[in-house]
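A.B. asks: A structural model of the following input is requested.
(chains A and B)
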Amino acid sequence: MPGARDPSPHDVDEMVLKMSETENPFRYTAALAGEMELRWQQYWAENGTFHAPNPVGELADPDHPRAGAPKLHVQDMFPYPSGAGLHVGHPLGYIGTDCYTRFQRMNGFNVLHPMGFDAFGLPAEQYAVQTGTHPAVTTAANVERYRQQLRRLGLAYDERRSFSTTDPEYYRWTQWIFLQVFNSWFDPELKKARPISELIAEFESGSRPTSPAWSDMSAKEKRQLIDDHRLAYMSEAPVNWCPGLGTVLSNEEVTPDGRSERGNFPVFKRSLKQWMMRITSYCDRLVEDLDTLEWPDPVKLMQRNWIGRSQGAHVDFPIGDDHIRVFTTRPDTLFGATYMVLAPEHELVARITAEQWPAGVAATWTGGHDTPAKAIDAYKKAAAAKTEEERTADGKVKTGVFTGAYATNPVNGERVPVFIADYVLAGYGTGAIMAVPAHDERDYDFATAFALPVVRTIETPEGFEGAYTGDGAVINSADPESGFSLDGLTKVDAKAAMITWLEEQGKGSGATTYRLRDWLFSRQRYWGEPFPIVYDETGLPIALPDSMLPVVLPDTDDFAPRTFDPDDAESDPETPLSRKKDWVEVELDLGDGLKTYTRETNTMPQWAGSCWYELRYLDPHNEQELVDPANEAYWMGPREPGGSGGVDLYVGGVEHAVLHLLYARFWHKVLFDLGHVSSFEPFHKLFNQGYIQAYAFRDARGVIVPAEEVVERDGAWYHGDQKVNREYGKMGKSLKNVVTPDEMCDQYGADTFRVYEMAMGPLDVSRPWDTRAVIGSQRFLQRAWRLVVDEETGQNRVTDEPLDPKSRKVLHKVIAGVREDMGELRFNTAIAKLIELTNTLTPLPRVSREAVEPLVLMMSPFAPHLAEELWGRLGHQGTLAYADFPQADPAQLVADSITYPVQINGKVRGRVEVSPETGEAEVREAALAAVADALDGRTPKKVIVVKGRLVSVVV
RNA sequence: GUCCCCGUAGACCAACCGGCAGAGUCGAUGGACUCAAAAUCCAUUCAGUGUGGGUUCGAAUCCCACCGGGGACACCA
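C.D. replies: Below you'll find the model as predicted:
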């Protein structure tokens, strides 16, 4: 019956809570924490406490306490706001940067710590399709939910600088950058991007000759030639088509086994006309500038691997009237090239294939076929039938067939047989190799299988079997006819000498190749930035002028992508925007009067918005410019000559090692070349935070049971009476082990949650979530609270009497330690030291202000609400966010005395206590005296005094 | 297969340039307080550092091999 319900267990909890509150009304409970947290969050918002002043423009504030101070720009990888909301793992990095920036703000830095939302892209669209709601609606709701969740944690963001990549005011500038890229070309001499207008001027003046001559070209031909030089260009080329997602994908979005990173659908190579970005022009700079960055080595390595730069040579091997061009990193071993291999797809295969097998050819070479053409045909069919996965999974087993043709080794005139084999990839280098079995493992395996000769050209250690890839003197590398010889040179010198010779003879040249391909930039999706591009009757793209930006994404109910059977490789992509006929056809005046144009209907990929967001935080409302140069120079400019500049600390997961971080670096470099920014790298220092993982439990049937209902008994886990198995992994709905920050705030308060996340381990290490252990952080905050506040009366307990000398030493030791730990993001050890200090003060009869004030200040980065509250109760006005972080008194860091353990042969046999100034000789005397008994008359062979540490005696 | 990182009390983690293995947290146990409990406070417990060698007066720390866990790359010429 309504109004007469029995007390539920929930009510009982509340009664218990109320009872304990009435017993100790001023106790630091979750309820009290919640009340004061809300109050301080309001205070900060109302007072703009965390506003960071810009040098110029709308956000400039000369009266701000940190105006003109040294700057610190710290950023998190902004989240994609999913429909599921945050779990406790998500804000780990955000809390880390919040603690760090609060600390540095108190150290006098003008701190920029913004947060935004990466809200375009596939997942938002998929979520919208699932729920049948427009992505704009779901995205806005998700962003709002994230904002609330983050606000509740007391993160000190400058909220004026927050934006979402889906805001038209934001993507207006994403489109503007696209146009910058579109209207640029890469000058290979200067190795930088230049405005396309400068290229056109060179064409027109004839200083850069064209073929045919510029003046002989039609207007359309001229435009095509120009378009071919742009950094953003359209091309018909094999791309990754993913029917399951209904869109094409960039190489970076495809996993090594040929599936989509998102959704795990099959991906097929398909020739389609798509937008590309010429990231390959920047390969060298993207590799070399890694040296200027403070990034974790694994991330640098991943980028280097992905770019895959190799230096070597192109060499031409004559064959009939043709020649086969190969790329090799080992031109020094050219004399050892005993055969050649083409990729099965290589364009020369058909032309060079012989009509008949040469006399006496081995059966292994022919694959058992009558003619080379049949053998080749069969092999190509077999290769095509294999998936990428099968092709690589076969590992070391080398297959191939002979073409029946022979080419000529250009250095010594030897006839070398030409094979096709799938261990040579069509997409890398020239799709053809010279094979040097003596010094390349793959070639050696193939040569062994096909009984091909092995000629060593590098001195190989005695008894060495297989391919020797190490260093050594060059041998067997001389041509008696020409007199050319590399014999006796080192590997490095021989490479250089060979390249010089090849270039002199016109038989090859030094060359560098890359694994990186140009960035496929268009997607057949609705929820992305529209391209600021239209087409006229020629079908060639025309950039819209800045004045027409933004090109707003048109509203539609028909936003679902056209997807296909995931395995239907022959399906064709369809852009959702193309269905909006009234939007696609547009009348514009682009200079030649009002004409009808057709809009580009692809949208930009998810990565576009995150490619430059670090810049927009600097000047988020600037309508004239992407960012005012003065603001960019202040927040991101290089700090020393030749420095990269960029964000001072960028924190995020390692999963973006290649995708986001590579694309963002590329765009930033284009903007740098065009003079829009003074930094040539976007992120100077990168820190990869670990993940919070969680246990999940499965019952005997293999069904996941809710983790919170599982109890541990006698070393096993039970769900009710049922024994369950424990697994370790991600936190997620499907594993029924999600814990949300909201629950933690309800149960303990945001400060406790923050302290727990920071205390549970180093920021870069992944660890398991353990709700039961959170209580420890709450106890710490309760003890600290109790130092200041009498739990029964609410009175201030702090006295102005000086601290006792012993505790003072502890205080200053802790201050020194905490400062050091904070600077290096070692929050777990900093918190341990704060707990130590708290535990030192707890038993004291009177609590001295001398100790409590520094404690409160030092706790404030971790537990900001509690600290603000205590700071007020200690008699201060306003916020402590700009108070000075405590400094240790060096005089207090000197120990009164030092106890030296005295070791005899590595074992501690005694101790001596001396004053810190005691000289080495005296310590030695005292030590020997202390262990005289243990020495038992033996004379020490050696006595080692380690100053301040110990004394080691050897007998 | 190659390369990189990590293995320390029952759990999470400290230990700086090699110098007494323990800062902190959870758990467990005992005590104080209480009629009792919760909460709180106090105390105790527990590893010789994955295994085996080596260097050293001295090794968790440096070197080598192996085992276990995580990650990167994986025919890139």
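A.B. asks: Could you use CA atoms for every contact and neighbour count after this?
C.D. replies: OK.
A.B. asks: Compute the distance between residue A:835 and residue A:552, please.
C.D. replies: Here residue A:835 is placed at a distance of 54 Å from residue A:552 (C-alpha to C-alpha, to the nearest Å).
A.B. asks: which of these two has more neighbours?
C.D. replies: Higher neighbour count among residue A:835 and residue A:552: residue A:835, with 21 against 16, using other C-alpha atoms under 10 Å.
A.B. asks: Thought residue A:780 was touching the more buried one, still the case?
C.D. replies: Yes - using C-alpha atoms under 8 Å, residue A:835 makes contact with residue A:780 at a distance of 6.5 Å.
A.B. asks: shaky segments in the stretch 251-400 of chain A?
C.D. replies: Within the stretch 251-400 of chain A, the stretches with pLDDT under 70 are A:387-396.
A.B. asks: That one: helices as residue ranges?
C.D. replies: Secondary structure of the stretch 251-400 of chain A by DSSP state H, counting those that start in this stretch: the helices cover A:283-288, A:297-307, A:349-352, A:363-366, A:372-385, A:388-393.
A.B. asks: is any part of the second one close to RNA strand B?
C.D. replies: Looking back up the chat, that one is helix A:297-307. Yes - judged by C-alpha under 7 Å from any atom of the strand, helix A:297-307 and RNA strand B are in contact via A:298, A:301-302, A:305-306.
A.B. asks: Generate a PyMOL selection restricted to the buried subset of these.
C.D. replies: Burial among the residues of helix A:297-307 next to RNA strand B is assessed by 16 or more other C-alpha atoms under 10 Å; the matching PyMOL selection reads:
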select buried, chain A and resi 301+306
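A.B. asks: Pick the one among the residues of helix A:297-307 next to RNA strand B closest to RNA strand B.
C.D. replies: residue A:302 (4.8 Å; C-alpha to the nearest atom of the strand).
A.B. asks: Quick check, that closest one in contact with residue A:655.
C.D. replies: No - Residue A:302 lies out of contact with residue A:655 (C-alpha under 8 Å); the separation is 10.7 Å.
A.B. asks: and stretch A:362-379 with RNA strand B, contact?
C.D. replies: No - applying C-alpha under 7 Å from any atom of the strand, one finds stretch A:362-379 separated from RNA strand B by no less than 13.1 Å.
A.B. asks: Look at that stretch and report the distance between its end residues.
C.D. replies: Termini of stretch A:362-379 sit 17 Å apart (C-alpha to C-alpha).
A.B. asks: residues of that stretch that come out buried?
C.D. replies: By 16+ other C-alpha under 10 Å, the buried positions in stretch A:362-379 come out as A:365-367, A:371-376, A:379.
A.B. asks: now do stretch A:603-612
C.D. replies: So for stretch A:603-612, counting by 16+ other C-alpha under 10 Å, buried means A:603-612.
A.B. asks: repeat for stretch A:903-918
C.D. replies: Neighbour count says stretch A:903-918 has A:903-904, A:909-912, A:914 buried, by 16+ other C-alpha under 10 Å.
A.B. asks: Need the max-distance pair from those residues.
C.D. replies: Of all pairs drawn from the buried residues of stretch A:903-918, the greatest distance, 19.1 Å, lies between A:904 and A:914 (C-alpha to C-alpha).
A.B. asks: Please give me every residue in contact with the residue lying closest to residue A:316 once chain neighbours are set aside.
C.D. replies: Spatial nearest neighbour of residue A:316, excluding adjacent residues (C-alpha to C-alpha, 6 or more residues apart in numbering): residue A:325 at 4.4 Å. Taking C-alpha atoms under 8 Å, 6 or more residues apart in numbering, we find residue A:325 in contact with A:314-317, A:430, A:432.
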